[in-house]
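**Student:** sequence unknown, structure follows:
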């Protein structure tokens, strides 16, 4: 027991900066959303209007979640719960994989195994640390809601819902670490499970049953397959129901016990899915820097494309539902068009644009992940071997930036193509192919800005580049998605590249904004290459 407690303290010390940043950021996001809703929708009529629109539109239900009344607390939970739950899941997955499969790859676990501690002691300590972190997160989120003026009982239940989702992903990430053969594969699989949970919850909510006054929606049965859907069913600010949260915690404990048992039976470095041996010699294409980058990233890119394709297909498949539900209600139509920038276009265009805005974020995330692979190669010593040959660091970075840009384009185009296919199958006109491709590519200039910013961070502060890369994207997403709701200054919202993306076909394409963002990205890429060539490789 003393050995495991020592490991717990060591792991907690390693997380003394990163974990508090995650927790405080998520709690602060909840606070500012609550404060913004109380300010922006202070009167009952305004809250009823937005909730009525959401209750009638599967697009809003898919993206945001379930309306559950028109109180301030209910609107806050509707606006922010799904997003904070996803962040809690990502925090938990990255934490667990860092201290399990990644430690095994880097040799730290072998050093720990040389002392007299039980084989499962390190992962037990990690599960305890993850559970404690999510308990602190639950308390912090609840405190943020109370500080914003929400009722104490509802705030406690809402905080517990976020923490319970995070605890579930602590356990499921531990299981993934036993199954997958590498830290990179484990991180990818665990993050995909978080995205899948959001997607499944969205499908269940989109096919939910609204009440007669459209102020409440009962989720479809499909959302039971998502832990985020379980937390949502706690309904903290209407009729609080802790049973789904208790069920989620119970499932998490069972999964944690299974993880500990599997680790006690598994040899160090082994996995349930064995890693295949590579070729004795590289293929012809993999001998170049670009080919090597493609070889390393192709399966991750495939995962991003599959997920964006599912999202796009859902956007297209729900088209007839949107048309049937809202098409005959003129007041709802007018309100939706007032809420959408540009205020023009067909109703189905508004719906698909809303969902495919998320695909633009996925495209940026895919590109950022390609760039962050460079830090992994550098930290694990492979970059030093690669650059010992007559290849410059700037060329190495440039090849990966090119692949990151291609990845962004592919993810965006796949989402839009899947949406067009879904609309065609459902019998809804989707416009000319050129317009569809243009709408997909409209998200690329904003995405490459985040790619370039991540590259600069890698060139200047390599040890912090992973946190900064994902941090840039998260801040940009928050400013783009919640900036108006928070009533942030226009100049602050404009710092997010997502704010300058034309929401085609609802908005007209803005060539000046696109060219400006492209120029910023090219400048950032050039600066990153110059700075990287001037610094030494860092462990």
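**Tutor:** Nice, thanks for sending it over. Predicted model, so just to flag it, every value in this text is computed and none were measured. Numbers count the residues shown, from 1 in each chain.

**Student:** Which of the helices or strands spans residue 198?
**Tutor:** helix 183-206 (DSSP states H and E).

**Student:** no wait, residue 217
**Tutor:** Here residue 217, judged by DSSP H and E, is contained in strand 217-218.

**Student:** Now do the buried residues in the host helix or strand of residue 424.
**Tutor:** According to DSSP H and E, residue 424 maps onto helix 393-425. Across helix 393-425, burial judged by 16 or more other CB atoms under 10 Å covers 393-394, 396-423. For glycine as for every other residue, the C-beta is placed from the backbone atoms N, C-alpha and C.

**Student:** Local confidence estimate at residue 493?
**Tutor:** Residue 493 carries a pLDDT score of 83 in this model.

**Student:** Could you verify my assumption that it touches residue 484?
**Tutor:** Yes: assessed by CB atoms under 8 Å, residue 493 is found in contact with residue 484 at 7.3 Å.

**Student:** since we're on the closest residue to residue 197 other than its chain neighbours, how many residues are nearby?
**Tutor:** Closest residue to residue 197 apart from its sequence neighbours, by CB to CB, 6 or more residues apart in numbering: residue 226 at 4.5 Å. A count of neighbours around residue 226, defined by other CB atoms under 10 Å, yields 24.

**Student:** So residue 226 sits against residue 195, correct?
**Tutor:** No: at 10.9 Å, residue 226 does not count as touching residue 195 under the criterion of CB under 8 Å.

**Student:** who's in contact with the strand holding residue 217?
**Tutor:** 55, 61, 66, 67, 68, 205, 208, 209, 210, 211 (CB atoms under 8 Å, 6 or more residues apart in numbering).

**Student:** Just flag the most distant two among those.
**Tutor:** Spanning the widest gap among those are 205 and 211, at 14.1 Å by CB to CB.

**Student:** These two - which one has more neighbours?
**Tutor:** residue 205 (29 against 13).

**Student:** Quick check: that one vs residue 56, distance?
**Tutor:** Separation of residue 205 from residue 56 (CB to CB, to the nearest Å) stands at 13 Å.

**Student:** one step back: helices or strands next to the helix holding residue 424 in the packing?
**Tutor:** Packed against helix 393-425 by the contact rule (3 or more CB pairs under 8 Å, 6 or more residues apart in numbering; DSSP states H and E) you find helix 289-317, helix 347-379, helix 433-441, helix 444-460, helix 511-534.

**Student:** Can you say which of those helices is packed in most?
**Tutor:** Greatest average neighbour count among the helices and strands packed on helix 393-425 goes to helix 444-460 (a mean of 26), per mean count of other CB atoms under 10 Å.

**Student:** need the next SSE after that helix, C-terminal direction.
**Tutor:** Downstream of helix 444-460, the first helix or strand assigned by DSSP H and E is helix 465-482.

**Student:** between that next one and helix 444-460, how big is the angle?
**Tutor:** Here the directions of helix 465-482 and helix 444-460 differ by 150 degrees (axes from the mean of the first three to the mean of the last three CA atoms, to 10 degrees).

**Student:** elements contacting helix 465-482?
**Tutor:** Using 3+ CB pairs under 8 Å, 6+ apart: helix 465-482 touches helix 18-40, helix 72-99, helix 347-379, helix 444-460, helix 490-493.

**Student:** So which bits of the last one are buried?
**Tutor:** Within helix 490-493, the residues scored as buried using 16+ other CB under 10 Å are residue 493.

**Student:** Residues contacting that helix, please?
**Tutor:** With CB under 8 Å, 6+ apart, helix 490-493 has contacts from 479, 480, 483, 484, 499.

**Student:** what's the nearest residue to the third one if we skip its chain neighbours?
**Tutor:** Counting by CB to CB, 6+ apart, residue 483 lies nearest to residue 493, which is 3.7 Å off, once chain neighbours are set aside.

**Student:** Could you do the second one as well?
**Tutor:** The spatially closest residue to residue 480, leaving aside those adjacent along the chain, is residue 498, at 3.3 Å (CB to CB, 6+ apart).

**Student:** Tell me if the one you found really is in a helix.
**Tutor:** Yes: judged by DSSP: H, G, I helix; E, B strand; the rest coil, residue 498 forms part of a helix.

**Student:** Would you check that it makes contact with residue 478?
**Tutor:** No: counting by CB under 8 Å, residue 498 stays clear of residue 478, with 9.8 Å between them.

**Student:** out of the two, which sits in the busier spot?
**Tutor:** Neighbour count, other CB under 10 Å: between residue 498 and residue 478, residue 498 has more, with 23 against 20.

**Student:** List the contacts of that one.
**Tutor:** Residue 498 sits next to 357, 360, 361, 446, 476, 477, 479, 480, 481 when contact means CB under 8 Å, 6+ apart.

**Student:** that's a helix at residue 239, yeah?
**Tutor:** No: counting by three-state DSSP, residue 239 falls outside a helix, being coil.

**Student:** now the residue of the chain most remote from its centre, nearest residue through space, not along the chain?
**Tutor:** No residue in the chain sits farther from the centre than residue 116, which is 39.1 Å out by CA atoms, centre = their mean. Distances taken as CB to CB, 6+ apart put residue 3 closest to residue 116, at 7.1 Å, once the chain neighbours are dropped.

**Student:** again, but for residue 151
**Tutor:** residue 73 (6.1 Å).

**Student:** wait, isn't the one you found in contact with residue 156?
**Tutor:** No: with contacts counted by CB under 8 Å, residue 73 stays clear of residue 156, the gap being 11.5 Å.

**Student:** who's more crowded, the two?
**Tutor:** Taking neighbours as other CB under 10 Å, residue 73 and residue 156 compare with residue 73 leading, 25 against 20.

**Student:** That one: what's it in contact with?
**Tutor:** With CB under 8 Å, 6+ apart, residue 73 has these contacts: 34, 145, 150, 151, 154, 155, 158, 236, 237.

**Student:** Among those residues, which are located in helices?
**Tutor:** Judged by DSSP state H, the contacts of residue 73 include 34, 145, 154, 155, 158 as members of helices.

**Student:** and the last one, how many residues sit next to it?
**Tutor:** The burial count assigned to residue 158 is 31, neighbours taken as other CB under 10 Å.

**Student:** residues near the residue nearest to it when sequence neighbours are not counted, how many?
**Tutor:** Leaving out its chain neighbours, the residue that sits closest to residue 158 by CB to CB, 6+ apart is residue 236, at 4.2 Å. Using other CB under 10 Å, residue 236 is surrounded by 30 other residues.

**Student:** same thing with residue 381?
**Tutor:** 12.

**Student:** quick one on the thing from earlier: distance to residue 96 and pLDDT added to the contacts of residue 73, as a markdown table?
**Tutor:** Output for the contacts of residue 73, formatted as a markdown table (distance: CB to CB, whole Å; pLDDT from 0 to 100):
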| residue | distance to residue 96 | pLDDT |
| --- | --- | --- |
| 34 | 29 | 87 |
| 145 | 27 | 94 |
| 150 | 31 | 92 |
| 151 | 33 | 92 |
| 154 | 30 | 93 |
| 155 | 27 | 94 |
| 158 | 24 | 95 |
| 236 | 27 | 93 |
| 237 | 31 | 91 |
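
**Student:** Distance to residue 86 added to those residues, as CSV?
**Tutor:** Converted to CSV, the contacts of residue 73 look like this (distance: CB to CB, whole Å):
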residue, distance to residue 86
34, 18
145, 18
150, 21
151, 25
154, 21
155, 20
158, 15
236, 18
237, 20
